[in-house]
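**Q** Can you look at this prediction? I've put the sequence above it.
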Amino acid sequence: QFQMIRHEDLRLEESLGRGSFTRIFKGSKTDIREGERQNTDVLLKVLDGSYKNCWESFFEAASLMSQISHKHLLLVYGISVHRSENIMVQEFVKYGALDLFLRKKQGSVPVSWKLDVAKQLACVLNFLEEKKIVHGNISAKNLLLAREGDSSIGTSPFIKLSDPGISVAVTGRDVALDRIPWVAPEVLEAPETWGMECDKWSFGTTLWEIFNGGKAPLQGLDPQQKLMFYENHEQLPSPKWTELADLIGRCMEYDPALRPSSRGIIRQLNSLITSDYELLDPGLSAHA
Ligand SMILES: N#Cc1ccc(Nc2nc(N)cc(-n3ccc(CO)n3)n2)cc1
């Protein structure tokens, strides 16, 4: 399961905003290591809405993240329960959510940076697929940036996939509709039937976000219009880069069986990277 953390060992600092069921705060956790006090920066996700199946799903998300470890998976230290407050204690990831970062950077992020991030997400997707674990909430807002990456000094970005949060299987239909176009169409119809393929659909949506400056797809559409988007089997606007558009389209296939495996996604991303250099300087990859 996960470690229970004492409330008195936590300190809530500034508020960093809210998720759909949670408020998030920067904070610190105190441990006694070899007899000395040690403070660790943490991100505290405080669950509001105290109805039961919400916090069960919240705990499930936390225990999922604590049972598996991978360099691109967020580290969850544990849970703290205090009166009616349920708090998930996570490692504090330095640069926060990817969607906000991309919006702030407004298009000044190189294509190779975006491809690097996409490849890292495909790797953790492959890791989860091999463990037969469905994340269920892959999106740019749930990708956290641990290292910015700066091509001028040769460092690359480093992302961590956040916890899946409350599952759409227990949220109301309105929250599920709000997760269009990240939530796979089949999950909307029958949440309990979802399989691994639903993460491939969300991967496609996240790829779209990464290459569209972190803009939210279908923004401004109300829940009914979002539902019609699925009813009419519509697709997101294609990026100019046709190979990328093909990959996004294959991930966002309405028939789950037609979506690529995570290995297929990694293969296609690798081919994209070479064609990316092709675009920039045809001679370059000749020497690679
Ligand atoms: N300015 C700023 C700033 C904000 C947050 C962080 N760090 C962080 N660490 C985590 N473990 C999780 C998150 N999240 C942020 C949204 C969500 C929704 O899931 N998570 N942010 C770093 C800088």
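**A** Sure thing, it's come through. Numbers count the residues shown, from 1 in each chain.

**Q** Tell me the residues of the protein that contact the ligand?
**A** 16, 19, 24, 43, 74, 90-97, 141-142, 144, 162 (Cβ under 6 Å from any ligand atom). Where C-beta positions appear, they are placed from N, C-alpha and C, glycine not excepted.

**Q** Which PyMOL command selects the buried ones in these?
**A** Per 16 or more other Cβ atoms under 10 Å, the buried members of those correspond to this PyMOL selection:
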select buried, resi 16+19+24+43+74+90+91+92+93+95+96+97+141+142+144+162
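
**Q** Show the pLDDT at Tyr277.
**A** pLDDT for Tyr277: 53.

**Q** Check the one 3 residues further on too.
**A** Model confidence at Leu280, expressed as pLDDT, equals 57.

**Q** need the contact list for the closest residue to the ligand within the chain.
**A** Closest approach between the chain and the ligand, counting by Cβ to the nearest ligand atom: Gly96, at 3.1 Å. By Cβ atoms under 8 Å, 6 or more residues apart in numbering, the contact list for Gly96 reads 16, 144-145.

**Q** For Pro223, see how far away it is.
**A** 27 Å (Cβ to Cβ, to the nearest Å).

**Q** re earlier: secondary structure and pLDDT for the contacts of Gly96 - can I get that in JSON lines?
**A** JSON lines is the format used below for these (DSSP: H, G, I helix; E, B strand; the rest coil; pLDDT from 0 to 100):
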{"residue": "Leu16", "secondary structure": "strand", "pLDDT": "96"}
{"residue": "Leu144", "secondary structure": "strand", "pLDDT": "98"}
{"residue": "Leu145", "secondary structure": "strand", "pLDDT": "98"}
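
**Q** Return the distance of the host helix or strand of Asp199 from the chain's centre.
**A** Using DSSP states H and E, Asp199 sits in helix 197-210. Mean-position distance between helix 197-210 and its chain equals 9 Å (Cα atoms, centre = their mean, to the nearest Å).

**Q** could you say what helices and strands that helix packs with?
**A** Counting contacts by 3 or more Cβ pairs under 8 Å, 6 or more residues apart in numbering; DSSP states H and E, helix 197-210 is packed against helix 98-105, helix 111-130, helix 185-189, helix 242-251, helix 262-280.

**Q** between those, which gets the lowest average pLDDT?
**A** Among the helices and strands packed on helix 197-210, helix 262-280 scores lowest, at a mean of 79.

**Q** tell me the contacts of Asn165?
**A** For the record, residue 165 is Gly, not Asn. Taking Cβ under 8 Å, 6+ apart, we find Gly165 in contact with 19-22, 58, 61, 137, 142.

**Q** host element of Thr30?
**A** strand 22-33.

**Q** Closest one to Phe229 out of the contacts of Gly96, please.
**A** Comparing the contacts of Gly96 against Phe229 with Cβ to Cβ picks out Leu144 as the nearest, at 27.7 Å.

**Q** which residues sit in contact with the residue lying closest to the closest one once chain neighbours are set aside?
**A** Spatial nearest neighbour of Leu144, chain neighbours left out: Val93 (3.8 Å); criterion: Cβ to Cβ, 6 or more residues apart in numbering. Taking Cβ under 8 Å, 6+ apart, we find Val93 in contact with 43, 74, 144-146, 160.

**Q** so what's Asn142 closest to, chain neighbours aside?
**A** Closest to Asn142 by Cβ to Cβ, 6+ apart is Ser162, at 4.2 Å.

**Q** Can you report phi and psi for that neighbour?
**A** Note on Ser162: backbone dihedrals following degrees, to the nearest 10 are phi -80, psi 180.
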